[in-house]
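Asks: pasting the structure only:
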């Protein structure tokens, strides 16, 4: 394909109906040459066009076995990087808007993690005692870092399995970038608060004493998801007071107090399957991204299930929402016309190492 820049401006102000029609037309022209992957948090007017949908683990697996010439990833940057790493060199991965990033992933840059590794070496030999684990919500160069140091990647679906694998390698874990997933997973495995330490990447030695580092079984990076931090324990208490028969289900990126008060805690796939399997006419309070909650609320309405978003404030994944119909229409029409836009290409050295880390993860689950 010819690689040139196509002007997006003509698509920015398209009426919704025209935009949707042009997406459908471009997809028809592309046929089976292109496959659209979409994360569950994707906005509805984009999600409707997906060939394959899922959470991060499912999409990782789908990317690994996808044989389409072009993979259009309706998600965020790190997800498209995973697709590029796991697909063949002959395949092209594109992200409709390069501004679709992840604030959590940005909290753990390679420079910050490498500095932390050097500072940990002042206390103990990290390559002897610590396995680095990065949540899939991270850049490819951090996945490569984990591979180089004997670590791997996890998702919210498989975090417990990955931690068990890690402890079979070494006695400690450095877990980044999401402290909440790491903390909740460690807690479900029976670890006490004293077994955990939070690494503040803005402070020397993470703000920890040498004794705390030596004592910790898991060192949690001080990162978080800007959406899931909006959910609070008072939201759950208010719901239970009004609907004592109701159920609460939350994503493990929520804070410990929210997870503790929930009836169920799990990944987006787990949330969907749990509510799908529930009895008719049940009521649910859900602590995860708004687009997903709205989608399953409509899906299960015929069963009399009432599904409600946990926060009284509207909070969605604003960076993923950048993948909107105008960007998707522009991207697909450009591809149909023979022009590649917004290709995601991980540097070969990072890609090779990141693939090792991702394959270690997939072998564990």
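Replies: The structure has been received and is ready for your questions. On a predicted model such as this, the values are computed, not experimentally measured, just so you know. Numbers count the residues shown, from 1 in each chain.
Asks: what about the strands in the stretch 51-200 of the chain?
Replies: 52-54, 70-74, 92-94, 130-135, 152-154, 172-176, 196-199 (DSSP state E, counting those that start in this stretch).
Asks: neighbouring contacts of stretch 205-218?
Replies: 116, 119-120, 122-124, 163, 167, 171-173, 175, 182, 186, 191, 194-200, 219 (CB atoms under 8 Å, 6 or more residues apart in numbering). C-beta coordinates here come from the backbone N, C-alpha and C atoms, glycine included.
Asks: Could you break this protein into its assigned domains?
Replies: 9-101+319-347, 105-226, 232-309 (automatic domain parsing).
Asks: and those, which one is worst for confidence?
Replies: Mean pLDDT across these is lowest at domain 9-101+319-347; the value there is a mean of 91.
Asks: How far does that domain stretch from one end to the other?
Replies: Terminal residues of domain 9-101+319-347 lie 29 Å apart, using CA to CA, to the nearest Å.
Asks: Report the secondary structure state of residue 363.
Replies: Following DSSP: H, G, I helix; E, B strand; the rest coil, we place residue 363 in the helix state.
Asks: Could you report the neighbour count for it?
Replies: For residue 363, the neighbour count with other CB atoms under 10 Å is 9.
Asks: go on, residue 201?
Replies: 20.
Asks: Work out for me the element it sits within.
Replies: Counting by DSSP states H and E, no helix or strand carries residue 201.
Asks: cool, and the one 10 residues further on?
Replies: Residue 211 is part of helix 210-215 when elements are defined by DSSP H and E.
Asks: Surely residue 311 touches residue 234?
Replies: No. With contacts counted by CB atoms under 8 Å, residue 311 stays clear of residue 234, the gap being 10.5 Å.
Asks: Of the two, which one has the most company?
Replies: Per other CB under 10 Å, whichever of residue 311 and residue 234 has more neighbours is residue 311, with 16 against 12.
Asks: Report the buried members of the contacts of stretch 205-218.
Replies: 116, 119-120, 123, 163, 172-173, 175, 182, 186, 191, 196-199, 219 (16 or more other CB atoms under 10 Å).
Asks: List just the nearest of those to residue 288.
Replies: Looking at these and their distance to residue 288, the nearest is residue 182, at 17.7 Å (CB to CB).
Asks: mind listing what the closest residue to the closest one other than its chain neighbours touches?
Replies: If you skip the residues right next to it in sequence, residue 182 has residue 175 as its closest partner in space, 3.7 Å away by CB to CB, 6 or more residues apart in numbering. By CB under 8 Å, 6+ apart, residue 175 lies in contact with 133, 135, 181-182, 218-221.
Asks: Go again with 6 Å.
Replies: Counting by CB atoms under 6 Å, 6 or more residues apart in numbering, residue 175 touches 133, 182, 218, 220.
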